[in-house]
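Colleague: Just a sequence and a predicted model for now, questions to come.
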Amino acid sequence: MTTAALLLGGAGLAVVAGQQTQRDVQEQLGRTKKALEDSGVATMVSSPYEGNALGGTQVTTITLMPESDEPFVITLTSHVHNGPFPQGKMFGAASVTTDVTFPTEVQTQLDKAFGGQKISLNTLVKFGGNSVTTYRVPEGQFTDDGMTATWKAASGTVTAEGDRVRSDGQWPGLTMKGDSGLVTVGASTWFMTGENAPDGLGNAAATINVGDITGTEDGKTLFRLGPVKAESEIKSDAKFVSSSVRYHVAQAAFEDKTLDNLNLNLTLSRLDRKALAQLSRLDVEDENFDPEAINPIIEALLKGAPALSIDRFSVGSGKDEVQLNAKAALKAEANVDWSDLMLNPEALMSMVKVQAHAEGEAQAIEALGARFAPSKEEVSAMLQMSQEQGMLLKKGSRLVTDVQLDDSGVKVNGVPIQ
């Protein structure tokens, strides 16, 4: 499974590098190099381009986790075929085929797992600089520690149009089989869009769909999860950046317990854009790194009044839905000394304001609790006690609670908690 993970990660990086075959190849490689190295997770080195009027070759080396004890190196050898009909095929400025090579010990395992097949990576560079890359990771099988993983081929496209990039792909899934257990992952699809920005904080969005994930042992189902949908989005303006994620699970079943229609939506907002860009450029692994350099950046982030919100956490649908939403925001005076405040967690927490709201039909809340409590009677008694203590309010057929935390303390349904 480790090899499979490295493969998929490497293939993704290979696609990014492979699409850098536009009219000014070196400029595009420079942009990719900057983006990778600014992220801190990889470094990139490209050899001089060697070619003639018909085409040429260029070798690019990407090192993942370069500062770790075990950096991982991926080598991309790109063969460029110049247009206007590169390789006698589609009309375009050039076509590029890229060979992807992993470290020897990993490559040997991949060759065996793929049965001799190779990762396929082909790019058509259109006149005007845009490009379309198609990729394919072969089907295969790999055995490790008594577990055999069998997967089907993954494929997709990456389209680059100026500063905009979009990608889509599909993977029919895999199975992992042990002595008595079996895990299956259903078909997956993904779609991603992004827009490059000089500071590396451009807008982006992604959607990933995964079919049922199931686990069985000796023929008995241990768990079933799915279908699963995950969405993420990054939005930015001249001053702030916000990031949001949304998860939806149609059904989650664990032995005799089943939950339907699970949703979790989170948003992190009001992140100072300039400070984030500065933070991404810091190299904390550098031996000359000055820890004091991070203080003004953190100060700028905190002064932006960042907020984390649970926009929706729910189980069930319709009358069976139980829902929670909450928000934690920073509230501070303009003349706060952030250098001192960051050394005083208690004072910092006093500037955080939290609001939370939860509600649902009483019957739905009781039914949800009964799935995890020893008995329905115990759940009923607990809900009744919570109402008597004012922790829950009965509004018609619904149970509601509001919690607030600020510098004055904690309040539940408007009543201070001592």
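Modeller: Arrived safely.
Colleague: where exactly do the strands run in the stretch 1-150 of the chain?
Modeller: Using DSSP state E, counting those that start in this stretch, the strands of the stretch 1-150 of the chain run over residues 42-46, 50-52, 55-64, 72-82, 94-101, 120-125, 131-137, 140-144, 147-151.
Colleague: Please render those as CSV that adds mean neighbour count to the earlier fields.
Modeller: From N, CA and C alone the C-beta is placed, and that goes for glycine too. Putting these into CSV (neighbours: other CB atoms under 10 Å) gives the following:
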stretch, mean neighbour count
strand 42-46, 18
strand 50-52, 10
strand 55-64, 18
strand 72-82, 19
strand 94-101, 21
strand 120-125, 22
strand 131-137, 22
strand 140-144, 16
strand 147-151, 17
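Colleague: Out of those, which gets nearest to Gly219?
Modeller: Shortest distance between Gly219 and the strands of the stretch 1-150 of the chain, using CB to CB, is found for strand 147-151: 17.8 Å.
Colleague: Tell me the helix or strand right after the closest one.
Modeller: strand 154-161 (DSSP states H and E).
Colleague: Next, the angle strand 131-137 makes with that following strand.
Modeller: Relative orientation of strand 154-161 versus strand 131-137 (axes from the mean of the first three to the mean of the last three CA atoms, to 10 degrees): 170 degrees.
Colleague: which parts of strand 154-161 are buried?
Modeller: 154-156, 158-160 (16 or more other CB atoms under 10 Å).
Colleague: would a markdown table of the residues you listed with distance to Thr184 and pLDDT be doable?
Modeller: As requested, the buried residues of strand 154-161 are exported to a markdown table (distance: CB to CB, whole Å; pLDDT from 0 to 100):
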| residue | distance to Thr184 | pLDDT |
| --- | --- | --- |
| Ala154 | 16 | 94 |
| Ser155 | 20 | 94 |
| Gly156 | 21 | 94 |
| Val158 | 28 | 88 |
| Thr159 | 31 | 87 |
| Ala160 | 35 | 82 |
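Colleague: What segments of the stretch 301-418 of the chain are helices?
Modeller: 338-341, 345-349, 362-370, 376-388 (DSSP state H, counting those that start in this stretch).
Colleague: ok, and which of these has the densest surroundings?
Modeller: Comparing the helices of the stretch 301-418 of the chain by mean neighbour count (mean count of other CB atoms under 10 Å), helix 362-370 comes out on top with a mean of 17.
Colleague: CA atoms only for that one, dumped as CSV, please.
Modeller: The C-alpha trace of helix 362-370 is given here as CSV (Å, rounded to 0.1, in the frame of the first residue of the first chain):
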residue,chain,number,x,y,z
ALA,A,362,-36.8,15.4,20.2
GLN,A,363,-37.7,12.0,18.7
ALA,A,364,-34.7,12.2,16.3
ILE,A,365,-32.3,13.2,19.0
GLU,A,366,-33.5,10.4,21.2
ALA,A,367,-33.2,7.9,18.4
LEU,A,368,-29.7,9.0,17.6
GLY,A,369,-28.6,8.7,21.2
ALA,A,370,-30.1,5.3,21.5
